[in-house]
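**Q** Could you work out the structure for the sequence below:
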Amino acid sequence: MASRSGPRAKGTDGSDYQHREKVASHYQMSVSLKSEIKKLIYVHVLMWLLLVAQMCVAHLKLVSHDVVAMPYQWQYPYLLSIIPSAIGLFSFPRNNISYLVISMISTGLLSIAPLIYGSMEMFPMAQQLYRHGKAYRFIFGFSAVSVMYLVMVVAVQVHAWQIYYSKKLLDSWFTSTQEKKKK
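**A** Predicted coordinates:
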């Protein structure tokens, strides 16, 4: 018997742990994948809040347009990208497979699609910036096109990893449910 304070039980040297039950690997994987997805969702929420702040500052004219540019058109549909993240978080407590699938599909539609559109929308301005060195929109003195492309690169990586880990989590949950059906 183990005790927090006091002598160790006689006849044991601490090497009698091999007969004990172990947590199944798919449960361990589920916990670690949920943790990784939550971290990615928090990064996404942080980027989303920065875009919302930029939109609010620009539309409410809190500072000059020379300091914070008006948002690009792709940023408005990208605001909906918070919905798949919320649905993903709601799927975790009860391992809800349908919520996770909805989150994965809507991440592609509401997160990745606006980013692809945004890269096409801003391409002529990026081309003009890098060919002629002319920028007409700025965010705190930096070219808005450069800043937004940087945000887009990070966002694509966050969403791609989120979908990848969600797929692995979904596989882990399917393994768990298949084992329960066999018993």
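**Q** Can you show me the strands along this protein?
**A** Across the chain, reading from the start of the chain, the strands by DSSP state E fall at 138-139, 142-143.
**Q** The lowest-mean-pLDDT helix or strand in the chain packs against which elements?
**A** Of the helices and strands making up the chain, the lowest-confidence element is strand 138-139, at a mean of 86, by mean pLDDT, DSSP states H and E. Using 3 or more Cβ pairs under 8 Å, 6 or more residues apart in numbering; DSSP states H and E, the elements in contact with strand 138-139 are helix 144-182. C-beta here means a position set from N, CA and C on the backbone, and glycine is covered the same way.
**Q** Flag every buried residue along the helix it packs on.
**A** 144-149, 151-152, 155, 158-159, 162-163, 165-166, 168-170, 172-173, 175 (16 or more other Cβ atoms under 10 Å).
**Q** re the thing from before, give me whichever of the strands of the chain is most buried.
**A** strand 138-139 (a mean of 18; mean count of other Cβ atoms under 10 Å).
**Q** about what we covered before: what does the least confident helix or strand of the chain rub up against?
**A** 54, 66-69, 144, 147-148 (Cβ atoms under 8 Å, 6 or more residues apart in numbering).
**Q** Mind picking the lowest-pLDDT entry from the residues you listed?
**A** For those, the weakest pLDDT value sits at residue 66, with 81.
**Q** Who is the closest residue to it other than its chain neighbours paired with across the strands?
**A** Excluding its sequence neighbours, the residue lying closest to residue 66 (Cβ to Cβ, 6 or more residues apart in numbering) is residue 138, at 6.0 Å. Taking DSSP bridges, one finds residue 143 as the beta-bridge partners of residue 138.
**Q** Distance of residue 138 relative to residue 122?
**A** 14 Å (Cβ to Cβ, to the nearest Å).
**Q** And for residue 172?
**A** Where residue 122 is concerned, residue 172 sits at a distance of 38 Å (Cβ to Cβ).
**Q** Report the residue spans of this structure with pLDDT below the cut-off.
**A** When the per-residue scores of the chain are filtered using pLDDT under 70, the ranges that remain are 1-20, 176-180, 183.
**Q** looking at it, residue 88 is touching residue 100, isn't it?
**A** Yes - the pair residue 88 and residue 100 qualifies as a contact (Cβ atoms under 8 Å) at a distance of 6.6 Å.
**Q** neighbour count winner among these two?
**A** Comparing residue 88 with residue 100 by neighbour count (other Cβ atoms under 10 Å), the higher total belongs to residue 88, at 27 against 21.
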